[in-house]
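# below are the sequence and a predicted model; questions follow.
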Amino acid sequence: MMRQRGGIRRRIVRGTAVLAALAIAGAQTQPQTQQPDMVIRINVNLVQVDAVVTDSHDQPVTNLKASDFEILQDGKRQNITNFSYITFRPAAVSAAPAPPKGQPKGFAPPPAKLKAADVRRTVALVVDDLGLSFESIAYVRQSLKRFVDTQMQPGDLVAIIRTGSGMGALQQFTSDKRLLNAAIDRVKYNALGRVGISSFAPLGSEPDMGSDTANASLARGNEERTSIFAAGSLGAIRYVVDGLRELPGRKSLIMFSENMSLFNSDGLDERVRDSLRRLTDAANRSSVVIYTIDPRGLQVRGITAADDTRNMTVQQLSNVPMQRAEQEFRSQDGLYILAHDTGGLFLHDSNDIDGQVRKAVADSEGYYLIGYHPDSNTFDSKTGDPKFHNVSVRVKVAGLHVRTRAGFFGTSDRGRQQVAHTRMAQIQHALTSPFGSAAIHVRLTPLFSAGPNSTAYLNTMLHIDAKDLQFTDAPEGWHKAAFDLVAMTFGDNGQPIDTTDRTYTIRIRGKTYEEALKRGIVYNVAHPVKKPGAYQMRVVVRDVGTGLTGSASQFIEAPDLKKDRLTLSSVVLKEMTPEAAQATVDHPEGQLQEPNPEGSAAVRIFHPGSSLLYGYQVLNARPESVKANELEVQTRLFREGTQICAGKPNPMPVGDQTDPKRLVAGGQLKLGPHMTPGDYTFQVIVTDKLAKEKYRTATSWMDFELK
């Protein structure tokens, strides 16, 4: 049976060919060295396949020409009209500069702000906690930690996603390693999943219901549960894939799972097959290549100490290894199909999970785009049911191997595009987009702070560019605009904590109106923090008149103040300028405030030569450190992730403050008159010399823009 493994899988591929669609991209006839803005485009004029070619040592081959390829649609040879090679492999990484003298050891710099145009690799690391055993979860978590800490590179946009949890605070695409490590900490064994403590259930562990009929009914119920949970895993991954459609270039989705069976006791599981079909089609149209990793590694299939072998014959015992091998084989069918039909790899039978992740990430760093003009009947929609077209790519050079997608449905991308028309659809689209919506420019700044008795809270400032709102003229010189504001706070379990959904009306006139158009408006709200943890704020602003939206999201971590460890609040950063005139705002709570200048704490857009004020709180300092003047502060400035200057560590002035649990500190930062425009990060590091070494240093930072 096991000798026929490849043949069985090939039959499965042919039988489920409708699981795939086709990746499309730009039409250059010479090699390219940058990612195209869009890879997926299936239309009546051009079909273009993305393909990876490797040699006998599994190394990428990058120097082929169009004449080296042959492409067939439904078995018919096509004339190649477009050909290119896309690569964005990183250059050799130079050694990191030595840290400044006096800098705390092991203190990571603030994460660089990553814009859509800066993204080099987009990687979704999906942990199918509904399909992983307790043993495998531990190995996966360790591998994820090592990837984030040692393999992530500048320009990487990464997400850690669990299929058993909703899309929330810790399941967004980011370059911030704090957010990713917080997400990894939440990767735990899911007792409600379809796999037990170990990959193979111990013999004798299944309950005996007393009759063959009852036992058969129990087995059928377990099969149904496994099928539902497998479809649930695939549905969660499809949600991620749909969100990746707007990102440029070819994206990688690496899925860790050990159970995705296509068959049950009745044969093919239609529920799972349909879910695979939908996910594969979405992945191919979103230019997502799926790599599946079975983290079980090399398995021991024989009898173990956990097996209860009482009442088993010698023949039954001898059959156990073969039965477990067959069980393992069947559990991998869906993983193989998912990777095969999206042009990815199914990685298994290896104890080196780190190496498998590296291989999957590197695989999409270079690929060929091979295009042709399809026959006129390819997109014939007379029947109303689009036909699936098989596509195959061959390399004429001996010894080379090619991987690509299995085919596509005869429906153009234009026909599949769905435009959000309703209010909720527009808001939902803006909330789930990886980079948000920018038709209305929105800037979000959540600040963590502590009040008396160490009461933690988040003060959230939302700046809205008033020029993006539609104002209508009203009598007596008034100008009126209305917008929807939807704000959601997610906790570290991925579930929403607080939701605000309101419509506001603004009425302003005269100079106040002019100032609002020039400087924007600020929405300010305080959220009590009921418990410590990682939080994410997501906000959408929708103009009622035009339906245009703007969105922003921000990660914020509220530490546990009860642990009595040194902590800093968020850093407030603003320019030393007078406050702008106030605006008249018409709404019940009066929470919309005056239009602030660019240099406010909410906007933080400064100019060379500006003088900045910064302030923060030092929480839980040692009382003896305050008395002995043993608190030390250092500031550092980064431009787009690279340190450009660092101040010397100096004693922190405390003055006449008497509460060591809540000290207020700050200072002034003078920007040089010739500083280069760009994104900057200002970091504060405070050291309590008398605290335990592990907890004696704390840091906080705030980003700003220089123009």
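On my side now, so go ahead. The structure displayed is predicted, hence computed values, not measured ones. Numbers count the residues shown, from 1 in each chain.

# all helices of the stretch 501-650 of the chain, in order?
In the stretch 501-650 of the chain, helices defined by DSSP state H, counting those that start in this stretch lie at 510-519, 623-627, listed in chain order.

# out of the ones you listed, which one sits most buried?
Each of the helices of the stretch 501-650 of the chain was assessed for mean neighbour count using mean count of other CB atoms under 10 Å. The highest is helix 510-519, with a mean of 18. No exception for glycine: its C-beta is placed from N, CA and C like everyone else's.

# pass me the low-pLDDT residue ranges in the stretch 451-600 of the chain, would you?
Within the stretch 451-600 of the chain, the stretches falling below the threshold (pLDDT under 70) are 492-495, 577-598.

# so where's the stretch 51-200 of the chain shaky on pLDDT?
Using pLDDT under 70 as the threshold, the predicted model of the stretch 51-200 of the chain has low-confidence ranges 89-109, 111-117, 165-172.

# rerun at 90
Residues of the stretch 51-200 of the chain meeting the criterion pLDDT under 90: 57-59, 74-75, 82, 86-122, 128-135, 149-200.

# tell me where it has strands.
For the stretch 51-200 of the chain, applying DSSP state E, counting those that start in this stretch gives strands covering 69-73, 76-78, 80-87, 121-127, 156-162.

# kindly report the same for the stretch 551-700 of the chain.
In the stretch 551-700 of the chain, the segments counted as strands under DSSP E, counting those that start in this stretch are 567-568, 572-575, 585-586, 592-593, 605-606, 611-619, 631-639, 642-646, 650-651, 662-670, 678-688, 697-706.

# mind putting those into a markdown table with distance to Ala305?
Supplementary listing: those in a markdown table, determined by distance: least, CB to CB, whole Å:
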| stretch | distance to Ala305 |
| --- | --- |
| strand 567-568 | 47 |
| strand 572-575 | 60 |
| strand 585-586 | 71 |
| strand 592-593 | 67 |
| strand 605-606 | 65 |
| strand 611-619 | 51 |
| strand 631-639 | 54 |
| strand 642-646 | 54 |
| strand 650-651 | 61 |
| strand 662-670 | 56 |
| strand 678-688 | 50 |
| strand 697-706 | 47 |
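
# mean pLDDT for these: which is lowest?
Of all these, strand 585-586 carries the lowest average pLDDT, namely a mean of 36.

# to Ala646, which of the helices of the stretch 501-650 of the chain lies closest?
Shortest distance between Ala646 and the helices of the stretch 501-650 of the chain, using CB to CB, is found for helix 623-627: 22.6 Å.

# tell me the mean pLDDT for that closest one?
90.

# can you list the neighbours in contact with that helix?
If you take CB atoms under 8 Å, 6 or more residues apart in numbering as the criterion, helix 623-627 is touched by 630-631, 654, 657, 660, 663, 688-691.

# next: stretch 361-369.
Contacts made with stretch 361-369 from outside it, assessed by CB under 8 Å, 6+ apart, are listed as 25-26, 36, 39, 48-53, 60, 62, 64, 69, 82-90, 121, 123, 151, 250-252, 254, 289, 291, 344-345.

# select only the buried ones of those residues in PyMOL?
One line in PyMOL is enough to select the buried members of the contacts of stretch 361-369, burial here meaning 16 or more other CB atoms under 10 Å:
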select buried, resi 25+26+36+39+48+49+50+51+52+53+64+69+82+83+84+85+86+88+121+123+151+250+251+252+254+289+291+344+345
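
# re the thing from before, buried subset of the contacts of helix 623-627?
Judged by 16+ other CB under 10 Å, buried ones among the contacts of helix 623-627: 630-631, 654, 660, 663, 688, 691.

# what ranges does the stretch 351-500 of the chain have for its helices?
Counting by DSSP H, counting those that start in this stretch, the segments of the stretch 351-500 of the chain that form helices are 353-363, 413-416, 423-432.

# quick revisit: return the most buried member of the strands of the stretch 551-700 of the chain.
strand 567-568 (a mean of 24).

# for that strand, packing partners?
With contacts defined as 3 or more CB pairs under 8 Å, 6 or more residues apart in numbering; DSSP states H and E, the packing partners of strand 567-568 are strand 611-619, strand 697-706.

# if we go to 6 Å?
strand 697-706 (3 or more CB pairs under 6 Å, 6 or more residues apart in numbering; DSSP states H and E).

# what comes into contact with the strand it packs on?
Contacts to strand 697-706, defined as CB atoms under 6 Å, 6 or more residues apart in numbering, come from residues 104, 110, 113, 566-568, 570-571, 573, 604-606, 616, 675, 677, 679-687.

# one more pass at 8 Å, please.
When contacts are defined by CB under 8 Å, 6+ apart, strand 697-706 is touched by residues 104, 107, 110, 113, 565-573, 604-608, 612, 614, 616, 618, 671, 675-688.

# what pairs with that strand, parallel or antiparallel?
Strands flanking strand 697-706 in the sheet, each with its direction: strand 605-606 (parallel), strand 678-688 (antiparallel) (DSSP bridges).

# out of those, flag the one nearest Asp560.
strand 678-688 (17.0 Å).

# quick one: mean pLDDT for stretch 319-328?
Summarised as a single mean, pLDDT over stretch 319-328 is 83.

# make that stretch 426-441, sorry
Average pLDDT, stretch 426-441: 73.

# same thing with stretch 394-401?
94.

# how about the strands in the stretch 401-550 of the chain?
401-404, 407-409, 442-450, 456-464, 472-473, 478-490, 496-509, 521-528, 533-543, 549-558.

# looking at those strands, which is nearest to Gly667?
Gly667 lies closest to strand 442-450 among the strands of the stretch 401-550 of the chain, at 17.5 Å (CB to CB).

# got the angle between the closest one and strand 456-464?
Inter-element angle recorded for strand 442-450 and strand 456-464: 160 degrees (by axes from the mean of the first three to the mean of the last three CA atoms, to 10 degrees).

# dump the helices of the stretch 501-650 of the chain into JSON lines; add distance to Thr503 as well.
Below are these laid out as JSON lines (distance: least, CB to CB, whole Å):
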{"stretch": "helix 510-519", "distance to Thr503": "18"}
{"stretch": "helix 623-627", "distance to Thr503": "48"}
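
# out of those, which gets nearest to Gly155?
Distances from Gly155 to each of the helices of the stretch 501-650 of the chain were compared by CB to CB, and the smallest falls on helix 510-519, at 33.1 Å.

# check the offset of that closest one from the chain's centre.
With CA atoms, centre = their mean, to the nearest Å as the basis, the distance from the averaged C-alpha position of helix 510-519 to the chain average is 38 Å.

# over to stretch 659-679?
The gap between where stretch 659-679 is centred and where its chain is centred comes out at 31 Å by CA atoms, centre = their mean.

# do stretch 446-458 as well
In terms of CA atoms, centre = their mean, the centre of stretch 446-458 is set 28 Å apart from its chain centre.

# pLDDT (mean, whole number) over the longest helix seen in the chain?
When the chain is scanned for its longest helix (criterion: DSSP state H), the result is helix 212-243. Across helix 212-243, the average pLDDT comes to 76.

# what residues does Lys661 make contact with?
The contact partners of Lys661, taken as CB under 8 Å, 6+ apart, are 454, 619-621.

# could you redo these as a markdown table and give each row distance to Ile427?
What follows is the contacts of Lys661, written out as a markdown table (distance: CB to CB, whole Å):
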| residue | distance to Ile427 |
| --- | --- |
| Ser454 | 36 |
| Leu619 | 36 |
| Asn620 | 40 |
| Ala621 | 43 |
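
# which one of these is nearest Pro532?
Where those are concerned, and distances follow CB to CB, Pro532 has its nearest neighbour in Ser454, at 11.0 Å.

# ok, that closest one - how many residues close by?
Residues within reach of Ser454, counting by other CB atoms under 10 Å, total 14.

# now Phe346
The tally of other residues near Phe346 (other CB under 10 Å) stands at 18.

# check whether it really touches Ile290, as I assumed.
No: taking contacts as CB atoms under 8 Å, Phe346 lies outside contact range of Ile290: 9.5 Å.
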